[in-house]
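Asker: Return atomic coordinates for the entry below.
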Amino acid sequence: MKNMIYQLFFLGVYGFFMLMVSTANAQDKYLDKKGVVVFEASEKSFEEVKAKNESVTAIFDVTKNEIASLALIRGFRFKNPLMQEHFNENYIESSQYPKAIFRGKINDFDLNEIGSASMEYTIKGVLEIRERKKSIEPVVQIQRVNNTISIRGSFKVLPQDFDIQIPKIVENKIAKEVLVKLDFKLLANEDE
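Answerer: Alright, predicted model coming up:
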């Protein structure tokens, strides 16, 4: 039964990205299957609360200026294995809510204006975690070198935005705001 649930989940993830890919011509989309997302909710004088996921998938349609990304929650790695276990089982409940999804649009983006010098843009979009949606507007730095578009940026969210309950016993050890950093290297997709 558990195996069947995972198979259905991966079919859903595959379907999501096939839909995104099919809406753009090959020369109009850029893809990263090894994007990096780091989040940190550390408080000074306490153990670091920080995790990194190096297998985030992102796709960018440059004709519509639309970007989407998907991170599997279990892909986030902590230095402390016990913290990782608590994160997955008690806070995020990753067996029930296995993914984080972002969909957005980059304001005033023109591929022809992008070169090797970074330019600042705002992405207006929605982040979905634990089936809760939150509008966010991260400011990002974008540059293009050959067939690669680099997007780097950060934003802050609150645990309560996604109905994540922090127990009283540890609430002073975890920051009220969670800093999220992203780093995508999107390559021109020439598969189609």
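Asker: C-terminal to the least confident helix or strand in the chain by mean pLDDT, what's the next element?
Answerer: Here the helix or strand of the chain ranked lowest by mean pLDDT, DSSP states H and E is helix 2-22, holding a mean of 50. Toward the C-terminus, helix 2-22 is succeeded by strand 29-42 as the next helix or strand (DSSP states H and E).
Asker: What is the helix or strand just after that following strand packed up against?
Answerer: Following strand 29-42 in sequence order, the next helix or strand is strand 50-61 (DSSP H and E). Applying 3 or more CB pairs under 8 Å, 6 or more residues apart in numbering; DSSP states H and E, one finds that strand 50-61 contacts helix 2-22, strand 29-42, strand 66-72, strand 77-78, strand 148-157, strand 174-188. The way it works is simple: take the backbone N, C-alpha and C, and place the C-beta from them, glycine included.
Asker: Give the residue spans of the chain that score low on pLDDT.
Answerer: 1-27, 190-192 (pLDDT under 70).
Asker: same thing but 50
Answerer: Within the chain, the ranges that satisfy pLDDT under 50 run 1, 4-6, 8, 19-26, 192.
Asker: From what I see, Q84 and A51 are in contact.
Answerer: Yes: assessed by CB atoms under 8 Å, Q84 is found in contact with A51 at 7.2 Å.
Asker: Which one of those two is surrounded by more residues?
Answerer: With neighbours defined as other CB atoms under 10 Å, Q84 and A51 compare such that A51 has more, 20 against 15.
Asker: Show me whatever sits in contact with both of Q84 and A51.
Answerer: Listed as contacting both Q84 and A51 by CB atoms under 8 Å, 6 or more residues apart in numbering are 76-78.
Asker: Just the buried residues out of the residues you listed, in ChimeraX syntax.
Answerer: Buried members of the shared contacts of Q84 and A51 can be picked out in ChimeraX with the line below, counting by 16 or more other CB atoms under 10 Å:
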select :76,78
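Asker: okay, the shared contacts of Q84 and A51 in TSV with distance to I151 next?
Answerer: TSV is the format used below for the shared contacts of Q84 and A51 (distance: CB to CB, whole Å):
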residue	distance to I151
F76	19
R77	22
F78	25
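Asker: Many thanks, I have nothing further to ask.
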